[in-house]
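[1] Structure for the following, please:
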Amino acid sequence: MNLNQVTLPVVDIDTAVGFYEAMGFTLIVRSPHYARFECPEGEATFSVHLSDPPVAVNGFVVYFECADLDARVEELRERGFVFSRLPTDERWLWREARLHDPSGNTLCLFWAGQNRRNPPWRVPAVAWQ
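    Modelled structure (predicted):
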């Protein structure tokens, strides 16, 4: 299995498309109620779909990996993006910054290097019988 994509609810498609394009994502599908984007690096995609207001606060956080995290955050701030948390070294060995899209969805830009998939506390592989 491989994760295909995550779809976020938004209250305004045009505003969401503008926001995510300004962040550097490439729009690849567009309709009045849906849009899909490619990430600037790798092969991942994500989408947004029109939701009746208000979008419920759901506790989900969408993580976007950035090898150049600090520079990326600074560039986005210079272009007017507001971050709720600037790049911070976390105890789980990731460096994270957070912001919200216009619909209130929480986004985390992060860099974890090898610790993303291989943290020191990774569970050992189990051989199946």
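
[2] SS state for the residue nearest to residue 73 when sequence neighbours are not counted?
    In this structure, residue 73 finds its nearest non-sequential neighbour in residue 97, 4.8 Å apart by CB to CB, 6 or more residues apart in numbering. In short, each C-beta sits where N, CA and C put it, glycine included. Three-state call for residue 97 (DSSP: H, G, I helix; E, B strand; the rest coil): strand.

[3] element containing residue 70?
    Assessed by DSSP states H and E, residue 70 sits inside helix 69-78.

[4] now that helix, how far from the chain's geometric center?
    15 Å (CA atoms, centre = their mean, to the nearest Å).

[5] Can you tell me the closest non-neighbouring residue to residue 20?
    Closest residue to residue 20 apart from its sequence neighbours, by CB to CB, 6+ apart: residue 37 at 5.4 Å.

[6] Any idea what that neighbour is bridged to?
    Here residue 37 sits in beta bridges with residue 27, residue 46, going by DSSP bridges.

[7] Hmm, it is touching residue 23, no?
    No - Residue 37 is beyond contact range of residue 23, at 9.1 Å (criterion: CB atoms under 8 Å).

[8] of the two, who's got more company?
    residue 37 (23 against 18; other CB atoms under 10 Å).

[9] if I look at that one, how far off is residue 118?
    Look at residue 37 and residue 118: by CB to CB, to the nearest Å, they are 28 Å apart.

[10] Tell me where this structure has strands.
    Assigned by DSSP state E, the strands in the chain fall at 7-10, 26-31, 34-38, 45-50, 61-65, 83-89, 95-100, 106-111.

[11] and of the ones you listed, who's closest to residue 1?
    strand 45-50 (16.1 Å; CB to CB).

[12] tell me the mean pLDDT for the closest one?
    Per-residue pLDDT over strand 45-50 has a mean of 95.

[13] Check stretch 115-123 too.
    Across stretch 115-123, the average pLDDT comes to 93.

[14] In this protein, where is pLDDT below threshold?
    Across the chain, the ranges flagged by pLDDT under 70 are 53-57, 129.
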